[in-house]
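**Student:** predicted model and sequence follow; I will ask about them next.
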Amino acid sequence: MNKSVIYSYKETHNLYDYYSKHDFNPVPIPLDSKNEFKKHVKKRLNLFENHLKIPRKLFQNSNILEFGCNSGENALVNALLGSNLHLCEPNENVHSQLIRLFKKFNCYNKINIFEKNTIEKFKSKKKYDFVIAEGFLSTILNRKKNLLKLTKFLDKNSFLIINHDDVHGCFIENIKKIILKNICNKNNQNIHSQFSFDISKILFNSEYKKLNTKRPIVTWWKDAIVSKYNSGKYNWNFSEIITLLNKNRLDFWSSSPLLDDKNSYSWYKNFNNYNKGSSAIKNIKENILYISTGIKINKTNNFNDLFNDIKKMHKKTDNFVFKDINTNFNEIFNSISHNLLKCNDSKTFDLSNDLKSILATLDDKNYKNLIKAYKKTKILKKLWGNTSLYLCFVKK
């Protein structure tokens, strides 16, 4: 196994600096063929219309302020829907790629302003119909303050669309991180090494190739597994975001994954005066099994213990993987396994047993036994959870 370094890791202080210094695009979206382009447009329209409940007509002649647009593939769809764009992307490595892309699709005239400003430095008195920030908001300093800053650029009845890596949605990725870090430690290898990547391919590549993604596994490994910006304090909790924005005159509008709505099975004339944000938090907590694992069961359960345990495990994972703190996972793994058994479903039974088999081999001196244990799991190796949650709000 090649033990050379796959990339020269450099310590960084923010996410875009991490991408820039390590010179990689975190979410490459190839649009070279007509088929790839059509698929990408369909995915974005599915997000907007079917999940976030925003008709495409609202984008026509709208004004959009977007931060962190990367190389512009998502912003391009907004332009094609008729939006006028103000784009802010601090990573200058992707600027030329974005410009080429918009010129290729004859949409460069839809960009009113293109600059490298961050949210922190951005200033404007203008109001917009949409403010969008995808994929990075949870990682920045003073994120609460800067989230509220975004709302100042919204007109009344305008939309804020954000997505973030959620503490609970990262549960399955945290299991993968623990396994990888454990194996690296047993071999005295850095988690950023070629050895780490080679082990990741052995563990995860067969299932990763089945995902509906164009992102190569090396990019996923750099961005989701060995980057500190997808862990600990750099992840956020959806309930904290919803509560904060509700208190600042923004109503929760929708989310993706799309979860059960209070009004799904009621007549429109029968309504109650309820807080939609509080209802959303309750709904997401009730579906935390799906958020954290991707498993959907047709039973009503109290998942409060599982909800709290996953949050505790998230902190333990960060301490072990990125702070090199010697961490004992026995108590938290056993508690999560016990709560999964209470769900009384065959899939959660299998996941509970899988976690126990992983726990049993974490202390095994032979790292190959941990690899075997993971490869033999019935369901864990097939799960990815819902790491990235979209939340949409409307300004009162």
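**Tutor:** Okay, I see it.

**Student:** what's around Asn187, how many residues?
**Tutor:** 14 (other CB atoms under 10 Å). (Each C-beta comes from the backbone N, C-alpha and C, glycine too.)

**Student:** again with Lys269
**Tutor:** By other CB under 10 Å, neighbour count at Lys269 equals 5.

**Student:** quick one: it is in a strand?
**Tutor:** No. Lys269: not assigned to a strand; according to DSSP: H, G, I helix; E, B strand; the rest coil it is coil.

**Student:** which regions of the stretch 201-350 of the chain sit below the pLDDT cut-off?
**Tutor:** Low-confidence segments of the stretch 201-350 of the chain, defined by pLDDT under 70, span residues 260-264, 271-274, 299-302.

**Student:** which residues in it form helices?
**Tutor:** For the stretch 201-350 of the chain, the helices defined by DSSP state H, counting those that start in this stretch cover 217-220, 238-246, 276-286, 288-293, 304-322, 330-341, 346-362.

**Student:** buried ones in the fifth one?
**Tutor:** Judged by neighbour count using 16 or more other CB atoms under 10 Å, the buried positions of helix 304-322 are 306-307, 309-310, 313-314, 316-318, 320-322.

**Student:** so which elements touch it?
**Tutor:** If you count contacts as 3 or more CB pairs under 8 Å, 6 or more residues apart in numbering; DSSP states H and E, helix 304-322 packs onto helix 171-186, helix 288-293, helix 330-341.

**Student:** show me how far the shortest one is from its chain's centre.
**Tutor:** Going back to what we said before, that points to helix 288-293. 13 Å (CA atoms, centre = their mean, to the nearest Å).

**Student:** what's it in contact with?
**Tutor:** Contact with helix 288-293 is made by 166, 168-169, 171-172, 257, 259, 284, 295-297, 301, 303, 306-307, 310, 343, 348, 351, 383, 385-386, 389, as judged by CB atoms under 8 Å, 6 or more residues apart in numbering.

**Student:** and the strands in the stretch 51-200 of the chain?
**Tutor:** All strands of the stretch 51-200 of the chain, identified by DSSP state E, counting those that start in this stretch, fall at 63-67, 84-88, 111-115, 128-134, 154-165.

**Student:** circling back to that earlier point, and the buried residues of helix 304-322, which is closest to Gly277?
**Tutor:** Here the nearest of the buried residues of helix 304-322 to Gly277, counting by CB to CB, is Phe307; it sits at 17.3 Å.

**Student:** identify the residues contacting the closest one.
**Tutor:** Contacts for Phe307 (CB under 8 Å, 6+ apart) come out as 168, 285, 288.

**Student:** picking up where we left off before, can I get the buried residues of helix 304-322 in JSON lines with distance to Lys123?
**Tutor:** Listed next are the buried residues of helix 304-322 as JSON lines, based on distance: CB to CB, whole Å:
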{"residue": "Leu306", "distance to Lys123": "43"}
{"residue": "Phe307", "distance to Lys123": "39"}
{"residue": "Asp309", "distance to Lys123": "43"}
{"residue": "Ile310", "distance to Lys123": "39"}
{"residue": "Met313", "distance to Lys123": "40"}
{"residue": "His314", "distance to Lys123": "35"}
{"residue": "Lys316", "distance to Lys123": "40"}
{"residue": "Thr317", "distance to Lys123": "38"}
{"residue": "Asp318", "distance to Lys123": "34"}
{"residue": "Phe320", "distance to Lys123": "41"}
{"residue": "Val321", "distance to Lys123": "37"}
{"residue": "Phe322", "distance to Lys123": "34"}
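
**Student:** out of those residues, flag the one nearest to Lys365.
**Tutor:** The nearest member of the buried residues of helix 304-322 to Lys365, counting by CB to CB, is Phe320 at 17.7 Å.

**Student:** ok, the closest one to Glu120 distance?
**Tutor:** Phe320 is 31 Å from Glu120, where distance means CB to CB, to the nearest Å.

**Student:** now do Leu85
**Tutor:** Taking CB to CB, one finds Leu85 at 21 Å from Glu120.

**Student:** these two: which is more packed in?
**Tutor:** More neighbours surround Leu85 than the other of Leu85 and Glu120, with 25 against 13 (other CB under 10 Å).

**Student:** who does the more buried one bridge with?
**Tutor:** Ile64, Ile111 (DSSP bridges).

**Student:** pLDDT score assigned to it?
**Tutor:** Looking at Leu85, its pLDDT is 98.

**Student:** surely it and Ile111 touch.
**Tutor:** Yes. In this structure, Leu85 is within contact of Ile111 by CB atoms under 8 Å, at 5.0 Å.

**Student:** joint contacts of these two?
**Tutor:** Ala79.

**Student:** tell me, how many residues neighbour the closest residue to Lys21 other than its chain neighbours?
**Tutor:** Distance criterion CB to CB, 6 or more residues apart in numbering; nearest residue to Lys21, sequence neighbours excluded, is Lys10 at 4.8 Å. Lys10: 11 surrounding residues under other CB under 10 Å.
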